[in-house]
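>>> Based on what follows, work out the 3D shape:
(2 chains)
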Amino acid sequence: MLILAELGREVSGYMRRSGSASQNWYLILAILGFVLFWSLIALWDRYRSRYQEFLLSRPKMLFQELCDAHQLSRGDKTLLLNAANSHQLEQPATVFVDPAILQHLSQGKSSEAKAYTKIRKRIFPGLGE
Amino acid sequence: MADAVSTTFEILASSKNTNAVETLIAALDVADDTIRLAGVDALLKRQSQRGQIEIIKRLDSFPADVYERLRQESASFSKAIQHCIHSGKAELKANALELIRIVQAFDQVPTLVSILPSEPLESQPQLAETIRELVRDLYDRLHPESAEKPAASNERPLRNPQSTQQNILSSLAEGCGQVQELSAKDAIVEGVLALGHIGHFAVKKALWQGDTATRNLAADMLLTSTHPGIMDLVCESFSLNYPHPQAIEALSTRCDPTFVNRLLGWLPAKLTKMQQKNLHQIDSVRWLDTDQPYLSQVPETLHANMVRLIEELGLPESQKLSLCEWIVQNGGTNGRLAASELLAAVDTNSAQGIVSAGLVSEDANVQAWATTQLRQQGTPEAFSMLVERLDSPLEEVREAARAELGGFDVNRVISLYESLDPDKCQKAGQLLKKIDPQCVQKLSEEVRSPLRRKRMRAARVAQAMGLHHEIVDSLIEMSIDEDSHVRRTAVEILATITDDNAVKSLESALEDESPRVREAAARGLEIHREIVMNRSSMVEDETDSVNNVFTDETSLPSS
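Residues are numbered from 1 along each chain as shown, chains lettered A, B, ... in the order given. This next block holds a predicted model:
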């Protein structure tokens, strides 16, 4: 506060002493530059937070978050996404909370069914065995 | 829960992604209970209003474990509950009311009261029942000593119970005039009377200043309600200058044991002047009738309070006496004691009559009580009656007589010794043995007193009472005392005892350093010899006479 007050006093003293606007052009330029810089920063921040919101509102991002938490491979992720799509789930993350989806897909003797059984046992160990 | 499932729900509970709520809501409909419970838990952690509403929507489908969890998070549910109540959907509203009850959401009472008047008549009883239940729960929390069910160990304490009580009372007071549906009005008035004290504006409004329907309902509750708070209000009414007429009516006419026991339990140890004045104005109490069965329903622990109440009431003297008699016959120990005091204050002649009747009662306890009253009620010849009762076949009566004559002890006889003639002293000795079985031991202790005068006096008293035979050891000990006066006294008394040890002690005293002790010992031994000789001659005479009889009989001719 003291530094700002000091600065203010110096600027007002300078303004009193100087005679015309042409003598102050570099001061005006500096102020404009500062305003421009500030606006750019604000815009960037706004864009960043909106993008963040956009990302956070995407169901797939939550799905990704859960896949990361369970350390699933790319193949497993694809398999789970297919499961979500086959059940037409709006929230693909639902496959992590409803063991019945994977249970349904793991029935049968195809290689895919075996893969679903494997991943079901990994996500829901001890459930629906 | 398996680690992988826990990981999933931890992520869903903490994720900033807004879709986590939707995913968790989907988890609420899964068939597996573990997943559903984890879903509820995660939604509660997120404190999402939408999630809470979905939980309320499915309230019936959850296992009981969920209720405990909901109770812990009750504070965060407020907005969701209000949303459900105002939703207009009957099922959602019913679930919200159920949740309010489960989590004891006392802060919702003002909302419930405020929406009551605008609700359709058919749904008002449901709301009213929720209000009634919350009021009861709050009362139990505020008065744990009166609570019907004990508080759960994990019950969350109320943050500010007084403020919660005030808020609820204010809202209920406001609702009193607005609600018209009978059961709803009933719940609201009950809430006011149960939670408020007699001086509270809400109570005053319900009892004196409200509309006619409210006042009638409140008055009726004073006469009929078994809610502890309302019964307490009836009792508290007697602290006012002008108690509510229905409170007086309730005390006069209510006979239900719940009320009677509450009234007796409330009775303060010391009544205020106002309470005394108000109680004295009541001259008839229905349950205080010895011909009715109500008296026998009063627990013995409250009998003393019952006597105090009888004392304070303006009942006729004759009724008070018969009630005292009833308590004497049927009451507990404390009740009988209290009745005794009351009897003394009422009518001496009648009191003595009750005591006399008690003396011949078949009940040992009643006889014992009557024994304790002989002196207290000024019964003529009380002392001799007490002495007689020392020989009663009933232990309780003997004990009571002993306690009453407890003042007549060894010390008392020692102090009275000079004023009693020898015959009375002997009788006092016999009486003392009956009153105090420990009297011989106490006498022995007195004989061993460190004070020389006391030792000598106690020994003389023992001799006068004829109890010296029972303290021979102490007297022998006394005969080797340092003081020659004490030794002489002991020797003189030992001379009157026909005991081998006493004789040996006298023989030892023949060599005492004091000539007066030696002289007393010699005289004592002489007396002993005389006694022995007299005895042997008596035995010889007896033997001769027996022989004569035999001789006479054998000389008779056989028939």
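
>>> can you list the domain ranges for chain A.
Listed domain ranges for chain A are A:21-57, A:59-123 (source: automatic domain parsing).

>>> Among those domains, show me which one is buried the most.
domain A:59-123 (a mean of 18; mean count of other C-beta atoms under 10 Å in any protein chain shown). C-beta here means a position set from N, CA and C on the backbone, and glycine is covered the same way.

>>> sec struct for the residue nearest in space to the middle of chain A, please.
The centroid of chain A falls nearest to A:Gln52 when counting by C-alpha atoms, centre = their mean (3.5 Å). Following DSSP: H, G, I helix; E, B strand; the rest coil, we place A:Gln52 in the helix state.

>>> Pull the worst-scoring helix or strand of chain A on mean pLDDT out as CSV, backbone CA atoms only.
The weakest-scoring helix or strand in chain A, judged by mean pLDDT, DSSP states H and E, is helix A:2-17 (a mean of 74). What follows is helix A:2-17, C-alpha atoms only, in CSV (Å, rounded to 0.1, in the frame of the first residue of the first chain):
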residue,chain,number,x,y,z
LEU,A,2,2.8,2.4,0.9
ILE,A,3,4.6,1.6,-2.3
LEU,A,4,1.5,2.2,-4.3
ALA,A,5,0.8,5.5,-2.5
GLU,A,6,4.4,6.5,-3.2
LEU,A,7,4.0,5.6,-6.9
GLY,A,8,0.8,7.5,-7.1
ARG,A,9,2.4,10.6,-5.7
GLU,A,10,5.2,10.4,-8.2
VAL,A,11,2.9,9.9,-11.2
SER,A,12,0.7,12.8,-10.1
GLY,A,13,3.8,15.0,-9.6
TYR,A,14,5.1,14.1,-13.0
MET,A,15,1.7,14.9,-14.6
ARG,A,16,1.7,18.3,-12.9
ARG,A,17,5.2,19.0,-14.1
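
>>> buried set for it?
Buried residues in helix A:2-17, counted by 16 or more other C-beta atoms under 10 Å in any protein chain shown: none are found.

>>> Check stretch B:398-407 too.
For stretch B:398-407, the neighbour count (16+ other C-beta under 10 Å) marks B:398, B:400-402, B:404-405 as buried.

>>> Please apply the same query to stretch B:66-74.
Buried, per 16+ other C-beta under 10 Å, within stretch B:66-74: B:66, B:70-71, B:73-74.

>>> List the contacts of it.
Contacts with stretch B:66-74, where a contact means C-beta atoms under 8 Å, 6 or more residues apart in numbering or on different chains, come from B:37, B:40-41, B:44, B:47, B:55, B:77, B:99, B:102-105, B:154, B:156.

>>> Quick one: the helices in chain A, in order.
Here chain A has its helices, by DSSP state H, at A:2-17, A:25-56, A:59-69, A:74-86, A:99-105, A:111-123.

>>> Compute the inter-axis angle for the last one and helix A:59-69.
Think helix A:111-123. Put simply, helix A:111-123 runs at 70 degrees to helix A:59-69, going by axes from the mean of the first three to the mean of the last three C-alpha atoms, to 10 degrees.

>>> Show residues contacting helix A:111-123.
A:70, A:72, A:75-76, A:79-80, A:83, A:95-96, A:99, A:102-103, A:105-107, A:128-129, B:4-5, B:8.

>>> What mean pLDDT does it get?
Taken as a whole, helix A:111-123 has an average pLDDT of 89.

>>> quick check: angle from that helix to helix A:74-86?
100 degrees.

>>> what does the longest one give?
Using the same axes, to 10 degrees, one finds that helix A:25-56 and helix A:74-86 are set 70 degrees apart in direction.

>>> do helix A:25-56 and chain B meet at all?
Yes: Helix A:25-56 lies within reach of chain B by C-beta under 8 Å from any C-beta of the partner chain, at A:Leu56.

>>> give the contact list for B:Asn235.
Let me fix one detail, which is that residue B:235 is Cys and not Asn. B:262-263, B:266-267.

>>> pLDDT below threshold where in the chain?
Since you didn't name a chain, this refers to chain A. A:1, A:14-22, A:128-129 (pLDDT under 70).

>>> Let me rephrase: I mean chain B.
B:1-2, B:147-155, B:346-348, B:536, B:538-559.

>>> and the contacts of stretch B:66-74 as a markdown table, adding distance to chain A and secondary structure?
Listed next are the contacts of stretch B:66-74 as a markdown table, based on distance: C-beta to the nearest C-beta, whole Å; DSSP: H, G, I helix; E, B strand; the rest coil:
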| residue | distance to chain A | secondary structure |
| --- | --- | --- |
| B:Leu37 | 12 | helix |
| B:Val40 | 12 | helix |
| B:Asp41 | 12 | helix |
| B:Leu44 | 16 | helix |
| B:Gln47 | 17 | coil |
| B:Ile55 | 15 | helix |
| B:Phe77 | 23 | helix |
| B:Leu99 | 23 | helix |
| B:Ile102 | 25 | helix |
| B:Val103 | 25 | helix |
| B:Gln104 | 31 | coil |
| B:Ala105 | 28 | coil |
| B:Asn154 | 28 | coil |
| B:Arg156 | 29 | coil |
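
>>> Nice, that's everything, thank you.
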